[in-house]
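Chemist: any chance you can model this:
(one chain, ligands or ions: 2)
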Amino acid sequence: MPKVTIDGQTIDVPAGTTILQAARMIGGDIVPPAMCYYSKLKTSGGYCRTCIVQVSQGSTADPRPMPKPVASCRTNVMDGMVVKNITSPEVLEARAGVVEFLLLNHPLDCPICDQAGECHLQDLGYEHGKADTRYEFERRTFEKIDIGNYIQLHMTRCILCYRCVKVADQLTDGRVHGVINRGEVSEISTYIQNAIDNDLSGNMIDVCPVGALTDKTFRFKNRVWFTKPADANCTCTKCTGKVRLWFKGDEILRVTARKDEYGEVVDWICNECRFKKRKLSDWVIEGPAKVNRHSVISQNHYESLRAIQFDTRLQTAVLNGHKSKLGEGPLNPNNL
Ligand code: SF4
Ligand code: FES
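Modeler: Ligands and ions are numbered 1, 2, ... in the order given. Modelled structure (predicted):
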């Protein structure tokens, strides 16, 4: 069990653990951001460099520091390694540089982007970005490509993290999209304009860290921070049926997979659960969703029992069906 110290906190981890995984085991503010690594997708990581850290001591056997920042998602822990993330001004400056690079070609169209409020690049921009740009050239533009009825591709927003390509490779049969070309003309494409049409393709929307792949059935319907997420399930033969419903009043505006505190999908869901417009009564409501990472959504305090103000049918479902976040046992209406 190699021992690693990250920002002063020491942990023993299994051999083969990356610095990023070790940081996630510790948790909290010391966890580096990750725009391309995705724990559930093999070979992800290594593309975006947002997760860079400084290794100030390589290992007990060889304590020399690593000469430049390393991608924590691709660097394995060594016994006695000492890592600096938020305690290193150099790392924070370098990460700000990475964000600046990511934003070179990314349009600043957050006010009209459906990903606003749950966009990891928007979060990073606020945390590390600068108010000005030093870029003097025109941003990239692309021919519009229609990739089917359910998913909207905005190639100008893509940061080429490859997550959607890995979803297509690892989850679906007969992949019809990928990254074509090289360098600044690289783009996500369906090659021959094939529609992306398979049972699990909607998961590409959930893994996309920016607004390049969004849900066509939800576009412009609402801002995520005005909607109320609740975890729900149904009996599904294609996936676990464990989803997150996003409500406006008693209307289900969209269905997504549930995400963990790092914004990663917990269970992949099928397109039928995601896109088929089911009635509220078709779902078993488990309760208000815990939204950890996206502060703008958390502003509405979904975990407080104000979520119960959905409507009476949902209220009944919630009261009957789940454990209170505020205490043991079923929800007590007297506590509302
Ligand atoms: S479309 Fe989204 S998920 Fe796919 S490579 Fe671009 S940014 Fe990543
Ligand atoms: S998350 Fe490590 S390089 Fe992208």
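Chemist: going forward, measure contacts between C-alpha atoms and count neighbours the same way
Modeler: Fine.
Chemist: for residue 152, which three-state class applies?
Modeler: strand (DSSP: H, G, I helix; E, B strand; the rest coil).
Chemist: just the pLDDT at it, thanks.
Modeler: Per-residue confidence (pLDDT) for residue 152: 93.
Chemist: same deal with residue 179?
Modeler: 84.
Chemist: near ligand 1, anything from stretch 135-150?
Modeler: No - using CA under 6 Å from any ligand atom, we find that stretch 135-150 stays clear of ligand 1, coming within 11.5 Å at best.
Chemist: quick one: end-to-end distance for that stretch.
Modeler: Stretch 135-150 has an end-to-end distance of 34 Å (CA to CA, to the nearest Å).
Chemist: list the buried residues in that stretch.
Modeler: Under the neighbour-count criterion of 16 or more other CA atoms under 10 Å, stretch 135-150 has 145, 146, 147, 150 buried.
Chemist: in a markdown table: those, plus secondary structure.
Modeler: Shown next, in a markdown table, are these (three-state DSSP):
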| residue | secondary structure |
| --- | --- |
| 145 | coil |
| 146 | coil |
| 147 | coil |
| 150 | coil |
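Chemist: which one of those is nearest residue 199?
Modeler: Among the buried residues of stretch 135-150, residue 150 lies closest to residue 199 (CA to CA), at 11.5 Å.
Chemist: what residues does the stretch 101-250 of the chain have near ligand 1?
Modeler: Counting by CA under 6 Å from any ligand atom, the stretch 101-250 of the chain sits next to ligand 1 at 158-164, 207-210, 212-213.
Chemist: and the longest helix along the chain, does that touch ligand 2?
Modeler: Looking across the chain with DSSP state H, the single longest helix is helix 89-104. No - Helix 89-104 is not in contact with ligand 2 by CA under 6 Å from any ligand atom; minimum separation 10.3 Å.
Chemist: quick revisit: just the residues of the stretch 101-250 of the chain next to ligand 1: which are in strands?
Modeler: residue 213 (DSSP state E).
Chemist: between the residues of the stretch 101-250 of the chain next to ligand 1, which sits nearest ligand 2?
Modeler: Lowest distance from ligand 2 to these (CA to the nearest ligand atom) belongs to residue 161, with 7.2 Å.
Chemist: from memory that closest one sits against residue 38, does it?
Modeler: No - contact between residue 161 and residue 38 fails when scored by CA atoms under 8 Å: they sit 10.0 Å apart.
Chemist: who touches both of these two?
Modeler: Shared contacts of residue 161 and residue 38, defined by CA atoms under 8 Å, 6 or more residues apart in numbering, comprise residue 45.
Chemist: domain boundaries for the protein, per the record?
Modeler: Domain assignment for the chain by automatic domain parsing gives 3-91, 105-131+138-215, 224-335.
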